[in-house]
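Trainee: return a 3D structure for these sequence lines:
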Amino acid sequence: MAISTEDSQYRSSELIKDLRTYRPKYPIPKELLDVRTEETFCAYCGVSYLILNEIKFLEDKSENLRKELELVKHKQCSHSPIPGGNVDLPSNGEKHVSEDIERLLNEKAEIIQQLDDANTKLICYEATEKQFIKELARSQAEVSYNQEKLIELFDYSKRVRNKLKEKLFTDSLLRPIVDRINSLRDHISTLNQLYNTSLTQLNNQYNEITNKLDLVTLEKDSAIHKFNELELKYKEERNNWSEKQGEQLGDILVLKTKLSEESKRLDTLHDEKRQLILNFDLTEQLDNQLQKHDLTERNYKEREECLLNKMINISEELTNVKKMNDQLNSALETSKQEIFELKTIKDSQNEIHRQLEIKLQEMEKEFNVQQYNKELTLEKEFKLSFEKKELELQQIKSQTNRIIEQLTSELKQKERENIVLQEEHRRIMETMKEEINQLTNSVNNSDSVRGELENQIQRYQQEVKQLYATVEKECWERDELNSVLAETRDQLMKLSNSSKKSESDQRQSNLHESQEDSHSLPPIFSSSVKSEQFTKRTLPKSSKTSNSNNGTARRSFQNFKNIRDTSGLAATRRQIAAIIFATKSMTKK
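Mentor: Model (predicted):
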């Protein structure tokens, strides 16, 4: 017995219901529950492992269905009747059905190809979406880094402004700091421009990504719409084919009724023949009737043979139609299975998008936490640096106090030296007075040498005046040294105050102080040159008698010169330069 069409339709409907009501047993496997969302995607193709799991399950199910269909076909072939006569000649209905089936198969292949293209596009777009997300994260990190730099620069500018308001009093120190502030402002403006450009680039990239995602969704929706239209066409054609099949079944039933009627007629003819045989007397009538009956029997036999051939052809058509119906049912099942796969893929993509949004939110939270931690670390570092600078300030203050003590001790030594010089000057003046008295006595004794002695006295008076001038100059230079020491003390205090600033400010202030030192020190050198010129002018130009009389004055003046050269202002100048150089090296360290 062949399997009826109702049974096959029932089985196909049950399979379709199974596919429609199918839900994955484990949407998220236990192995993937503890895994991050980034690790649930394949690194090469970008497809989720959940989708691959479902595809594997559906492939196994399709393989089982194919085996069942092969078994059903084998049973149909084993139970189908063997056709006789001219079975190989196809009818018009079979050609039409075969053409419809080929057309449906071609449309199905096109739909499958479109679905494969859509899947590949989706995979490519998912990979590009991941790349864009990575680029977004990287650009966000760069933006955050630039923001941190901007915040640091703003804080630094605020600190500089506060320091300028509190600790800067002179225009000479304000100029380099103002230049520094202007350079910092220019740097901040450039950083703002870079930040704005990076923000615009990020917004453009984000808009491009959203546009691409919209295009992908539109293409996906269009592919699904096309697939639905093709499915509707397929259903309409199948309904038409089922209607045609019903018409063919009606024709077969009509032919069966005709066969039954003709068989009844044959039975009646056989009965009449028997009656005619019984009425053997009427031979002529019987012969005529027998001839007629033979003709009618031949006609009936031919008709029966034609009907049998038609029945065989119709049965073959039915078997072909059943096969086509099975193929169409299998095609429907595969298409519905593909639709279900697409729906599962769409659901998985929606879930992936949701997970990505959750991941982005988590990343934003982590970013905020990291930013807060960075701010805390920056505050801690600032406090530590402030404490270190305070310690350095204390060290610098202690060093400056030591240097001031050294300078005070040196000042005391210089005062002692000045006292010694004054005593020597007094002694020289006394000796000069004694020599003048001796000269006056010698003038009274010798009238001939009186004029020369008067000239020498005038010269010596001029020399005494010059000596008074040199003494006054030395006192003035001593006062100048005291002022220089006071200025160095102020400069050292300024250096200790400016140590909190940047290295560039320290270098500029040190250069300025060195320039001031160089401007303040040359008078000492000039005074020494003048003293040497004075000694050159006071060389002996008189006669041998005046040399013998004034030898003591020259010797005392030469001793004064030697004392002034050895322990005079040049030594103090060298000591002050060494102290300033030591303070500069300490501030640089």
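Trainee: what helices and strands are in contact with the helix or strand S242 falls within?
Mentor: Per DSSP states H and E: S242 is located in helix 171-278. Judged by 3 or more C-beta pairs under 8 Å, 6 or more residues apart in numbering; DSSP states H and E, helix 171-278 is in contact with helix 92-167, helix 283-445, helix 503-520. No exception for glycine: its C-beta is placed from N, CA and C like everyone else's.
Trainee: so whichever helix or strand comes after the second one versus helix 171-278, what angle?
Mentor: Beyond helix 283-445 on the C-terminal side, the first helix or strand identified by DSSP H and E is helix 450-498. In terms of direction (axes from the mean of the first three to the mean of the last three C-alpha atoms, to 10 degrees), helix 450-498 departs from helix 171-278 by 20 degrees.
Trainee: could you give the mean pLDDT of helix 450-498?
Mentor: The average pLDDT within helix 450-498 is 74.
Trainee: try stretch 217-231
Mentor: On average, stretch 217-231 scores 73.
Trainee: C-alpha coordinates for it, CSV please?
Mentor: Output in CSV follows, covering the C-alpha atoms of stretch 217-231 (Å, rounded to 0.1, in the frame of the first residue of the first chain):
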residue,chain,number,x,y,z
THR,A,217,19.6,47.2,9.4
LEU,A,218,17.8,48.5,6.3
GLU,A,219,19.5,45.9,4.1
LYS,A,220,18.6,43.2,6.6
ASP,A,221,15.0,44.4,6.7
SER,A,222,14.8,44.5,2.9
ALA,A,223,16.3,40.9,2.8
ILE,A,224,13.7,39.7,5.3
HIS,A,225,10.9,41.5,3.3
LYS,A,226,12.0,39.9,0.1
PHE,A,227,12.1,36.5,1.8
ASN,A,228,8.6,37.0,3.1
GLU,A,229,7.4,38.0,-0.3
LEU,A,230,9.0,34.9,-1.8
GLU,A,231,7.4,32.8,0.9
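Trainee: so for K226, which of the helices and strands packed on helix 171-278 sits nearest?
Mentor: Distance to K226, taken as C-beta to C-beta, is lowest for helix 92-167 among the helices and strands packed on helix 171-278, at 6.7 Å.
Trainee: what's the weakest-modelled helix or strand in the chain?
Mentor: In the chain, no helix or strand scores lower on mean pLDDT, DSSP states H and E than helix 522-537, which sits at a mean of 42.
Trainee: and the helix holding S242 with helix 283-445, angle?
Mentor: If you take the same axes, to 10 degrees, helix 171-278 sits at 170 degrees to helix 283-445.
Trainee: closest one to F227 among the helices and strands packed on helix 171-278?
Mentor: Closest approach to F227 among the helices and strands packed on helix 171-278 (C-beta to C-beta): helix 92-167, 5.9 Å.
Trainee: what's the burial count for Y145?
Mentor: 10 (other C-beta atoms under 10 Å).
Trainee: same question for K310.
Mentor: Using other C-beta under 10 Å, K310 has 16 other residues around it.
Trainee: okay, it: pLDDT?
Mentor: 72.
Trainee: what residues are up against the nearest residue to it once chain neighbours are set aside?
Mentor: Among residues not flanking K310 along the chain, L255 sits closest, at 6.4 Å (C-beta to C-beta, 6 or more residues apart in numbering). Taking C-beta atoms under 8 Å, 6 or more residues apart in numbering, we find L255 in contact with 307, 310-311, 314.
Trainee: could I get the helices and strands packed on helix 171-278 as TSV with distance to I224?
Mentor: Output for these, formatted as TSV (distance: least, C-beta to C-beta, whole Å):
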stretch	distance to I224
helix 92-167	8
helix 283-445	7
helix 503-520	67
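Trainee: could you chop this protein up by domain?
Mentor: 5-80+96-387, 393-588 (automatic domain parsing).
Trainee: and those domains, which one's lowest on average pLDDT?
Mentor: Ranked by mean pLDDT, those end with domain 393-588 at the bottom, a mean of 63.
Trainee: re the thing from before, most surrounded residue in the contacts of L255?
Mentor: Within the contacts of L255, most neighbours by other C-beta under 10 Å means I314, with 19 neighbours.
Trainee: thought it was touching Q248?
Mentor: Yes. I314 lies in contact with Q248 (C-beta atoms under 8 Å); the separation is 7.4 Å.
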